[in-house]
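In: can you look at this prediction? I've put the sequence above it.
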Amino acid sequence: FPRLELWTGRVLVKLVDRLIVHHQVAIDEIVQLYKLDRNKIAVIPHGHYRDIYSQGIDSLKARRQLNLPESGKIYLNLGMLKPYKGIERLFALWQDRQSILQGNSLLIAGQALDDGYGQMLIEQASETENVIFHHKFVEDEQIHLYFSAADVVVLPFERILTSGSLILAMSYGKPIIAPRLGSIPETLGKADCLLYDSDDELSLLHAIKDSTQIDLNALGEIVRESCDRLDWSEIAQRTVSVYQKEAKTL
């Protein structure tokens, strides 16, 4: 019931004193969608996941535990599998460009919410060289193994505003290939050198090619620095400040 949902949202935002969003880029969209006074909006980022899952381990050890190739780069996409995440496009690219991607592996790990969509991905993966598809829900205790094994995280979203997958990859200090959509550039900050133009069909390929030629360890350090900005203590203080300001006006 999209119309009812929109009407309910517009009523709700008129009743609240302040609305907290995660990114500056969300403000214009929310103002337009909900007919809201932008002065009622506060921006506080979504925090990292560093203390939620286990710490990373040695890459080779993680690869052996997951029965993954011990050589070459591993490009990881982990999370619930949905059409907007662009997995089919990634499979097609990997299939068509083996001359560039030879020796490296694409690892897709996650469960599809729709059985038909999941079966389509299974068939596509089986026809694509150097693709490993762990089509199952990844338990919390295994999250660190996948990110430890990976060299790069690739998130070929077709549309996105806020991405938990992006923040999770940042929490492990992994270089990230993703489109310049939604909040992604704002969240990554200076660690954006592998972002690509979503309107250019070849730009994802170029970003992957670039990732084979740059210092990934150095980029990983920049990712960690960007992730420092998502510290929960700072987020807590900023949230408290929003409530304190509203309390003073009562």
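Out: That came in fine, so what should we check first? Numbering: from 1, shown residues only.

In: so the most centrally placed residue in the chain: helix, strand or coil?
Out: The centroid of the chain falls nearest to L166 when counting by Cα atoms, centre = their mean (2.4 Å). Following DSSP: H, G, I helix; E, B strand; the rest coil, L166 is assigned to helix.

In: also I177?
Out: Note that with three-state DSSP, the state of I177 is strand.

In: likewise for Y243?
Out: Assignment for Y243 (three-state DSSP): helix.

In: still on that earlier bit, surely the residue nearest to the centre of the chain touches T187?
Out: Yes - L166 lies in contact with T187 (Cβ atoms under 8 Å); the separation is 6.0 Å. The way it works is simple: take the backbone N, C-alpha and C, and place the C-beta from them, glycine included.

In: can you find the helix or strand in this protein with the smallest mean pLDDT?
Out: Here the helix or strand of the chain ranked lowest by mean pLDDT, DSSP states H and E is helix 98-101, holding a mean of 70.

In: given the next helix or strand after that one, what are its sheet partners and their directions?
Out: As assigned by DSSP states H and E, the chain's next helix or strand after helix 98-101 is strand 105-109. Note on strand 105-109: by DSSP bridges, its sheet partners are strand 74-78 (parallel), strand 131-134 (parallel).

In: could you point out which element follows the first one?
Out: In the C-terminal direction, the helix or strand that comes right after strand 74-78 (DSSP H and E) is helix 87-96.

In: relative orientation of that following helix and strand 74-78 in degrees?
Out: For helix 87-96 against strand 74-78, the angle by axes from the mean of the first three to the mean of the last three Cα atoms, to 10 degrees is 160 degrees.

In: buried ones in helix 87-96, by neighbour count?
Out: Buried residues in helix 87-96, counted by 16 or more other Cβ atoms under 10 Å: I87, L90, F91, L93, W94, Q95.
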